[in-house]
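Colleague: Make a model of this:
(chains A and B)
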There are 2 protein chains.
Amino acid sequence: MGIVVQKYGGTSLGSLEKIKYVANRVVDRYRLGDKVVVVVSAMAGQTDSLIDLAKDITKSPDPREMDVLVSTGEQVSVALLAMAIKELGVPARSFLAHQIGLKTDSSHTKARILDIDVRLINKALDAGEIAVVAGFQGVTEDKDITTLGRGGSDTSAVALTSVLGADICEIYTDVDGVYTADPSICSNARRLDKISYDEMLEMASLGAKVLQIRSVEFAKKYNVPVLVKSTFKEGTGTLVTKEDVTMESAVVSGVTYDKNEAKITLLGVPDRPGVAATIFTPLAEENINVDMIIQNISADGKYADLSFTVTMSDYERAMAIVKKKGELLGASDILGDIKIAKISIIGAGMRSHAGIAAKMFGALSKEGINIQMISTSEIKVSCVIDEKYIELGTRVLHDVFNLGKQGDAIV
Amino acid sequence: MGIVVQKYGGTSLGSLEKIKYVANRVVDRYRLGDKVVVVVSAMAGQTDSLIDLAKDITKSPDPREMDVLVSTGEQVSVALLAMAIKELGVPARSFLAHQIGLKTDSSHTKARILDIDVRLINKALDAGEIAVVAGFQGVTEDKDITTLGRGGSDTSAVALTSVLGADICEIYTDVDGVYTADPSICSNARRLDKISYDEMLEMASLGAKVLQIRSVEFAKKYNVPVLVKSTFKEGTGTLVTKEDVTMESAVVSGVTYDKNEAKITLLGVPDRPGVAATIFTPLAEENINVDMIIQNISADGKYADLSFTVTMSDYERAMAIVKKKGELLGASDILGDIKIAKISIIGAGMRSHAGIAAKMFGALSKEGINIQMISTSEIKVSCVIDEKYIELGTRVLHDVFNLGKQGDAIV
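Modeller: Next comes the predicted model:
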């Protein structure tokens, strides 16, 4: 008799009817004979409503109190789900972070898990109960309440799977798995049966919002198998796991895009040491993440053009800093472009295959799509293109790497 | 520099504007130089909304999970109030029951406080912070969340006052003190400057819903001075304290009434041992509280008439039980009356004054008000009368004991 950890997100618990539905799914699994631990998020919209309350009190809510406030969302969910399960005749017991000693550091609103004491959960499981655990929340050594950041319940679930020695972490969400591309753009997008942690990390960081990145990092570190499934549709889902032999043949696993970036360019900056530091140090100090960076030097070697991308929400702040610093540096012009997007191909098989990037560039250029910036990792190639080409570009790459068809991609 | 405990109820925290107002009041007090501990209830309506959620899931929600659910109301309040206080430039820190080890027994939804570990609160106070404590909630030895029952935040506040050795417990509410009678009935009702614990207990149990009864019992037991004041109106309030010399002269302190009772009468019950037990044992087993009981025996000593009162919400259930048992006993008839009310006079001075009850009966009869049942305690006389006379009766008694005028009552 194994232990199964199931995690249900906010959209799966968006109403009392949905909570009752989830209770039924959980009980079905319990009746198959497994020990079941359920990790839940706040009901959809609840966390945002709580944040709105705080914002009406003060423009800059105290992070400690913010965590006290928003963690109530998960507390409501565990109580209601435990009640709904008991209503079906199966014993259940809710657990909050302080009850299971889910210890974190004290970085409020983005805390990291340090330890979990699973004794109370194991006691409940041994007594035949379903354990319903509040995701997203933790406590510090000083008993302060913390939260793990957006999507933190995924990380709670993966961490619990690891420390409980459970067989699998099932993440139930509103999509039925990870796809080769956004199905709303590529009608022939294919659900992947398996994907490696590294590929999933690249996808998550590129905007495919199926799993919180940290949960995947955690799963990779502790080798926790994560199965992404739909709450409301039957299906086998996508298993996120370590790379194995059967995966290696897939050179490209998927195409993703991210419209949530903006580009900033400094033209004609005198080329001398320290230019990059002058720009990027103040951005880092303002907690602005810079994604891609390219720098070209003019023919005479005296001037450089510098371009980089930031997320849309940081764009205004970044632009203000760059304008100030750019003047000091003597830049001839500073340009901003919010009409860009990043398109990427991802695949663990790239490590052992050459020519993938070239094939990507060729396919885009054949359609007249200009590539503005390029960045690569071991298992990913990303290009910044004009935002208006993002659907076309996705379909082109999806086709050129044969992702829509069953079977492996042929290069 | 003393410690002050202030408690704000749900109506005082019914909106974000009110929370900001309360934050200002708390900060005003802090700036006078006292150490301030604030105990808060859930925002008005919040607890009922949470209970409604549970009732939509199941008709009989699990009490343990109910406490997990409803305790979120106070958690939201402490976070928002602490934020609002910090917004005013004063350091504040929220505390939940599990953080301050507010231990209770495990009687979910009506737990009793066993212990409070005030170290964290004292640490905050010593650091110059305002401590904002969630009322109503507790934790068991096993870390389960409990709640203290309706109005339980009053008890939290009184208990904290006691264990902190604070100077006073100020209860802020929507009335500005305890009155000699309901001001909506007696236009000349007078706010009492002081009232004894025993008198307050009688008033609370008779429907003057200013304080939770258990909080007054607790205050009496540990001799905690409790000051009842209005949140939104200036005023000196009413001090609930132990009896002292200056109080003793007031023979009658107030007139109260309770419309929330119903009367059940069994006629012609054969008078033999065990009749009362046959009726009242099954009522007790169903958790129905019986208030007043009278029994008359017929002239020949063979038959008895038995009347008693229950709260309105228990009336239907009680009647069903009594009908069944009454038939077994051979009662000639069973009557129910929901159009009754209880009117009472309360005063610690009754202990040393005779003739108070007679004066009450005389005043009511002079107005043609028939007395159906009578019960007395050391400091209280209660009569059940026809509900339609309740306003008239209250004014008559208020006048006959001179409660409306300044100064002591003259008998």
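Colleague: Which strand residues bridge the residue nearest to residue A:374 when sequence neighbours are not counted?
Modeller: Excluding its sequence neighbours, the residue lying closest to residue A:374 (CB to CB, 6 or more residues apart in numbering or on different chains) is residue A:383, at 5.5 Å. From N, CA and C alone the C-beta is placed, and that goes for glycine too. For residue A:383, the beta-bridge assignment (DSSP bridges) gives partners residue A:343, residue A:374.
Colleague: Would you check that residue A:383 makes contact with residue A:343?
Modeller: Yes: using CB atoms under 8 Å, residue A:383 is in contact with residue A:343, at 5.6 Å.
Colleague: For chain A, name the helix or strand with the lowest mean pLDDT.
Modeller: helix A:245-248 (a mean of 56; mean pLDDT, DSSP states H and E).
Colleague: What's the first helix or strand after that one?
Modeller: strand A:254-258 (DSSP states H and E).
Colleague: distance between that following strand and the chain's centre?
Modeller: Centre-to-centre, strand A:254-258 and its host chain are 13 Å apart (CA atoms, centre = their mean, to the nearest Å).
Colleague: quick revisit: what's the distance between the residue nearest to residue A:374 and residue A:280?
Modeller: Distance of residue A:383 to residue A:280, computed by CB to CB, to the nearest Å: 22 Å.
Colleague: before we move on, what about residue A:144?
Modeller: 34 Å.
Colleague: okay, residue A:383 and residue A:280: which has more neighbours?
Modeller: Legend: neighbour count by other CB atoms under 10 Å in any protein chain shown for residue A:383 and residue A:280, higher for residue A:383 (25 against 18).
Colleague: Contacts only, for the more buried one.
Modeller: A:342, A:343, A:344, A:360, A:361, A:364, A:371, A:372, A:373, A:374 (CB atoms under 8 Å, 6 or more residues apart in numbering or on different chains).
Colleague: For residue B:153, see how far away residue A:155 is.
Modeller: Distance from residue A:155 to residue B:153, by CB to CB: 35 Å.
Colleague: mind checking pLDDT for the residue nearest to residue A:374?
Modeller: With respect to pLDDT, residue A:383 scores 94.
Colleague: Kindly report the same for the one 3 residues further on.
Modeller: In this model, residue A:386 is scored at 96, pLDDT.
Colleague: Could you pull up phi and psi at it?
Modeller: phi -60, psi 130 (degrees, to the nearest 10).
Colleague: Could you count how many residues lie near it?
Modeller: 15.
Colleague: Surely it touches residue A:369?
Modeller: Yes: the criterion here is CB under 8 Å, and residue A:386 meets it with residue A:369 at 7.3 Å.
Colleague: count of neighbours near the residue nearest to residue A:139 when sequence neighbours are not counted?
Modeller: Closest residue in space to residue A:139, ignoring its immediate chain neighbours: residue A:98 at 4.6 Å, by CB to CB, 6+ apart. Residue A:98: 22 surrounding residues under other CB under 10 Å.
Colleague: show me where the stretch 201-350 of chain A has helices.
Modeller: A:213-222, A:245-248, A:275-285, A:315-329 (DSSP state H, counting those that start in this stretch).
Colleague: how close does residue A:193 sit to residue A:239?
Modeller: 7 Å.
Colleague: With neighbour numbers in mind, choose between those two.
Modeller: residue A:239 (18 against 13).
Colleague: Quickly list what that one is bridged to.
Modeller: Residues in beta-bridge contact with residue A:239 (DSSP bridges): residue A:194, residue A:227.
Colleague: can you tell me how far it sits from chain B?
Modeller: Distance, residue A:239 to chain B, using CB to the nearest CB, to the nearest Å: 33 Å.
Colleague: what's that residue in contact with, if anything?
Modeller: Contacts of residue A:239 by CB under 8 Å, 6+ apart are A:193, A:194, A:195, A:225, A:226, A:227, A:228.
Colleague: same thing with residue A:101?
Modeller: A:115, A:116, A:117, A:139.
Colleague: Could you pull out the buried residues of stretch A:300-310?
Modeller: A:303, A:304, A:305, A:306, A:307, A:308, A:309, A:310 (16 or more other CB atoms under 10 Å in any protein chain shown).
Colleague: does residue A:39 really touch residue A:4, like I thought?
Modeller: No: at 11.2 Å, residue A:39 does not count as touching residue A:4 under the criterion of CB under 8 Å.
Colleague: So, low pLDDT: which residues of chain A?
Modeller: Along chain A, segments meeting pLDDT under 70 span A:206-208, A:245-249, A:405-411.
Colleague: Strands of the stretch 51-200 of chain A, start to end?
Modeller: A:92-95, A:103-104, A:113-115, A:130-134, A:137-139, A:145-147, A:168-173, A:194-196 (DSSP state E, counting those that start in this stretch).
Colleague: whoops, the stretch 301-411 of chain A was the one
Modeller: A:303-311, A:333-337, A:340-346, A:373-377, A:380-386.
Colleague: Present the helices of the stretch 201-350 of chain A as TSV; the columns should include distance to residue A:235.
Modeller: Shown next, in TSV, are the helices of the stretch 201-350 of chain A (distance: least, CB to CB, whole Å):
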stretch	distance to residue A:235
helix A:213-222	20
helix A:245-248	20
helix A:275-285	43
helix A:315-329	38
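Colleague: Columns distance to residue B:102 and mean neighbour count on top of the strands of the stretch 51-200 of chain A, output as CSV?
Modeller: Formatted as CSV, the strands of the stretch 51-200 of chain A follow (distance: least, CB to CB, whole Å; neighbours: other CB atoms under 10 Å in any protein chain shown):
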stretch, distance to residue B:102, mean neighbour count
strand A:92-95, 19, 26
strand A:103-104, 21, 22
strand A:113-115, 25, 16
strand A:130-134, 20, 28
strand A:137-139, 16, 28
strand A:145-147, 16, 29
strand A:168-173, 35, 24
strand A:194-196, 47, 24
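Colleague: out of the strands of the stretch 301-411 of chain A, nearest to residue A:15?
Modeller: Nearest to residue A:15 among these is strand A:303-311 (31.6 Å), distances taken as CB to CB.
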